[in-house]
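what follows is a predicted protein model with its sequence.
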2 protein chains.
Amino acid sequence: MSLTVVGSIAFDSVRTPFGERERMLGGSAVHFALAASFFTEARVVGPVGDDFGEEHLAVLEARGVITDDIEHVPGGETFFWRGRYEHDMNVAHTEATELGVFGEFEPKLSDGSRQAEMLFLGNIQPELQRKVRAECTAAGFVALDSMNLWIETERDSLISVLREVDCTMLNDAEVRMLTEEPNLARAARAVRELGPAVVVSKQGEYGAALFTDAGYFALPALPLEDVQDPTGAGDTFAGGFLGYLDAQGETEDPAALRRAMAYGTVMASFNVERFGTERVAALTREEIEGRFRELLAITHFEESPIELRA
Amino acid sequence: MSLTVVGSIAFDSVRTPFGERERMLGGSAVHFALAASFFTEARVVGPVGDDFGEEHLAVLEARGVITDDIEHVPGGETFFWRGRYEHDMNVAHTEATELGVFGEFEPKLSDGSRQAEMLFLGNIQPELQRKVRAECTAAGFVALDSMNLWIETERDSLISVLREVDCTMLNDAEVRMLTEEPNLARAARAVRELGPAVVVSKQGEYGAALFTDAGYFALPALPLEDVQDPTGAGDTFAGGFLGYLDAQGETEDPAALRRAMAYGTVMASFNVERFGTERVAALTREEIEGRFRELLAITHFEESPIELRA
């Protein structure tokens, strides 16, 4: 199988109570592709500027990510984000956003990217998502992320692209906002009525939930004492989720979707433990397998007969 | 085994987007005892006024709750709370609190209550919790709830009573506030260092987590499309949790503690579906068993070998 992601490639300057970093490699497509690369061959589509060097490309290529469709725009600058987190790591405070080459981004897909069987539309303008989705005619499973900005300013475009995708990977606040329905179970049902058969609701440190025809499934997050930088956790989750499904060539089996949720949870847990891509880019097979088993262990319980007084 | 609860007995007037009720039977001890009554014999200790009638007592007695230590204070009025919830049902907006007989409450325990093997100290002044805990010399397992008010105004008293209990049943915001530690895993460790071997962190619609010597365990909440009134959900959770443990005569087996978390989750899920005690007071064995199995089903996943690319 094969997996294409379109999204931002960025430099992130991040300050948290646990340290700070200047101009780290980041962006939704980068975080997604690195996580997915442990499961399948991922192809990245996105623009970079003159400030994007071989050393940045090398981070992706070292993980076997196909970078042919990373488009270098001469004279331009790579998308830049500066933000900070206070002790409540669930809330990012944006201090600066410089779109750079991302402001004029028109996705150009090579045949390889266009022929992927699975596609992730990272958080970019819904109209661009729609164009890419239309180009990827071979994609049998397409997932989409978005954000409050597009829900507010491009609602109609977003709703039309939702008709063309199979899965949303929004956080729970976005699911509620998109549907104007505060109850998450109802909100997820409303999203599914807009098109996607699979709705994943990311809930940060509280875990993630899955809504499909087969019913409901939910996982807590791993309990982490060291959380240094949550930037990219959602995209890393999506990369584990879709990477696993692509590797299995499976998008309908409920048991496979549940395991995909578990791999998403596992990959996201690594992402937040260090700044930027530091932790995920350097993972070993044993670390991933170990944490998958840890997630199994911390969620396992069994029935035991009792006599209820009723 | 036997289980005593000390806490408020109240009338609650509640308005939510789904309806409103005047002067429903409520209070921490009531919600706790009703939930626990499906598992074990529960004894309620708390004061009521002249406005508390036979029909209110009957709700508890119909469930086999021992009401000998419900103290009628002549000339007094039962604790009253008026509150409302907006669409975000996680936040209660208090509109009125009238302490009534609860303002002068001095717990008086009969021999039966004093000899219980398990004790739940509902959310009352820490100094009262300490007195009751000292009286219940037979209690081998004591759990405590509290709130932001006591953490702010009675921190020293609360910390001394924590030394005398085995388990806290706080919500995650209270765990963080008590320890001044925003990371939940670290905060729970800090609470355990203050005394309690078992820390339960209630997380509302996101579920609940358990921290013990045996490690970490977490459960999501049931996905409910109908949430009418979350008042009392935390006490209902505690009633299911301790009721199950008391029925099993078990407080150390990790598998039993996990099942207790599941029964807490199940009972709380019923509580929020209707106003006040309406749903829990009328539950059947089959409903509880069915929802326990549903919780098992929505959290179950399995390992399946894969070849990671690392």
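Arrived safely.

which strands or helices does the host helix or strand of A:L25 pack on?
Element membership of A:L25, judged by DSSP states H and E, is strand A:19-26. On a contact count with 3 or more Cβ pairs under 8 Å, 6 or more residues apart in numbering or on different chains; DSSP states H and E, strand A:19-26 meets strand A:10-16. Yep, even glycine has a C-beta here, placed from its N, CA and C like the rest.

tell me which strands the strand it packs on pairs with, and in which orientation.
Applying DSSP bridges, strand A:10-16 is found paired with strand A:19-26 (antiparallel), strand A:79-85 (parallel).

pretty sure A:A260 is in a helix, no?
Yes: counting by DSSP: H, G, I helix; E, B strand; the rest coil, A:A260 falls inside a helix.

for the closest residue to chain B within the stretch 1-150 of chain A, which non-adjacent residue is closest in space?
Distance from chain B to each residue of the stretch 1-150 of chain A (Cβ to the nearest Cβ) is smallest for A:H87, at 3.8 Å. In space, and not counting its chain neighbours, A:H87 is closest to B:P182: 3.8 Å by Cβ to Cβ, 6 or more residues apart in numbering or on different chains.

distance of the one you found from B:M169?
B:P182 sits 20 Å away from B:M169, going by Cβ to Cβ, to the nearest Å.

between these two, which is the more surrounded one?
Per other Cβ atoms under 10 Å in any protein chain shown, whichever of B:P182 and B:M169 has more neighbours is B:M169, with 29 against 16.

tell me if the helix or strand hosting that one is near chain A.
Using DSSP H and E, B:M169 maps to strand B:167-171. No: applying Cβ under 8 Å from any Cβ of the partner chain, one finds strand B:167-171 separated from chain A by no less than 12.5 Å.

next SSE downstream of that strand?
helix B:172-179.

gap between that following helix and the chain center?
16 Å (Cα atoms, centre = their mean, to the nearest Å).

for the record, mean pLDDT for it?
Per-residue pLDDT values over helix B:172-179 give a mean of 97.

packing partners of that helix?
Counting by 3+ Cβ pairs under 8 Å, 6+ apart, helix B:172-179 packs on helix B:148-153, helix B:184-193, strand B:198-202.

just say which of these is most tucked in.
Highest mean neighbour count among the helices and strands packed on helix B:172-179 (mean count of other Cβ atoms under 10 Å in any protein chain shown): strand B:198-202, with a mean of 25.

mind listing the helices for chain A?
A:28-36, A:54-61, A:111-114, A:126-135, A:148-153, A:155-162, A:172-179, A:184-193, A:233-248, A:254-271, A:285-299 (DSSP state H).

ok so, going back, let me have the strands paired with strand A:10-16 in TSV, extended by mean pLDDT and distance to B:V280.
What follows is the strands paired with strand A:10-16, written out as TSV (pLDDT from 0 to 100; distance: least, Cβ to Cβ, whole Å):
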stretch	mean pLDDT	distance to B:V280
strand A:19-26	97	48
strand A:79-85	97	40
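
turn those into JSON lines, including mean neighbour count.
Supplementary listing: the strands paired with strand A:10-16 in JSON lines, determined by neighbours: other Cβ atoms under 10 Å in any protein chain shown:
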{"stretch": "strand A:19-26", "mean neighbour count": "17"}
{"stretch": "strand A:79-85", "mean neighbour count": "19"}
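
format those strands as JSON lines; extra columns: distance to B:A29.
Output for those, formatted as JSON lines (distance: least, Cβ to Cβ, whole Å):
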{"stretch": "strand A:19-26", "distance to B:A29": "47"}
{"stretch": "strand A:79-85", "distance to B:A29": "40"}
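
still on that earlier bit, tilt between the strand holding A:L25 and helix A:28-36?
In terms of direction (axes from the mean of the first three to the mean of the last three Cα atoms, to 10 degrees), strand A:19-26 departs from helix A:28-36 by 90 degrees.

pLDDT score for A:P107?
93.

I'd say it and A:R43 touch.
No: if you go by Cβ atoms under 8 Å, A:P107 and A:R43 don't touch, sitting 12.0 Å apart.

the more surrounded of those two?
Between A:P107 and A:R43, counted using other Cβ under 10 Å, the more crowded position is A:R43 (26 against 19).

what sits against the residue sitting nearest the centre point of chain A?
Nearest to the mean C-alpha position of chain A, counting by Cα atoms, centre = their mean, stands A:D235 at 2.2 Å. By Cβ atoms under 8 Å, 6 or more residues apart in numbering or on different chains, the contact set of A:D235 is A:G7, A:S28, A:A29, A:V30, A:H31, A:F32, A:A35, A:G122, A:D145.

now, which of the residues you listed sits nearest A:P17?
Nearest to A:P17 among the contacts of A:D235 is A:H31, at 21.3 Å by Cβ to Cβ.

tell me, how many residues neighbour the closest one?
By the criterion of other Cβ under 10 Å, A:H31 has 32 neighbours.

just to check, it is in contact with A:P230?
No: judged on Cβ under 8 Å, A:H31 makes no contact with A:P230 at a distance of 11.1 Å.

overlap in contacts, those two.
Counting by Cβ under 8 Å, 6+ apart, the residues touching both A:H31 and A:P230 are A:N271.

does A:A262 touch B:H300 like I think?
No: here A:A262 does not reach B:H300: they are 11.1 Å apart, not a contact under Cβ under 8 Å.

okay, those two: which has more neighbours?
A:A262 (24 against 14).

list the contacts for the more buried one?
Going by Cβ under 8 Å, 6+ apart, A:A262 touches A:L219, A:F292, A:L295, A:L296, B:F301.

just the buried ones from those residues?
Among these, the ones that count as buried by 16 or more other Cβ atoms under 10 Å in any protein chain shown are A:L219, A:F292, A:L295, B:F301.

surely the second one touches A:V266?
Yes: taking contacts as Cβ under 8 Å, A:F292 lies within contact range of A:V266: 5.3 Å.

circling back to that earlier point, reformat the helices of chain A as JSON lines; add distance to B:G276.
Converted to JSON lines, those look like this (distance: least, Cβ to Cβ, whole Å):
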{"stretch": "helix A:28-36", "distance to B:G276": "46"}
{"stretch": "helix A:54-61", "distance to B:G276": "57"}
{"stretch": "helix A:111-114", "distance to B:G276": "57"}
{"stretch": "helix A:126-135", "distance to B:G276": "44"}
{"stretch": "helix A:148-153", "distance to B:G276": "36"}
{"stretch": "helix A:155-162", "distance to B:G276": "38"}
{"stretch": "helix A:172-179", "distance to B:G276": "26"}
{"stretch": "helix A:184-193", "distance to B:G276": "22"}
{"stretch": "helix A:233-248", "distance to B:G276": "38"}
{"stretch": "helix A:254-271", "distance to B:G276": "35"}
{"stretch": "helix A:285-299", "distance to B:G276": "32"}
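
which of those helices sits most buried?
helix A:28-36 (a mean of 32).
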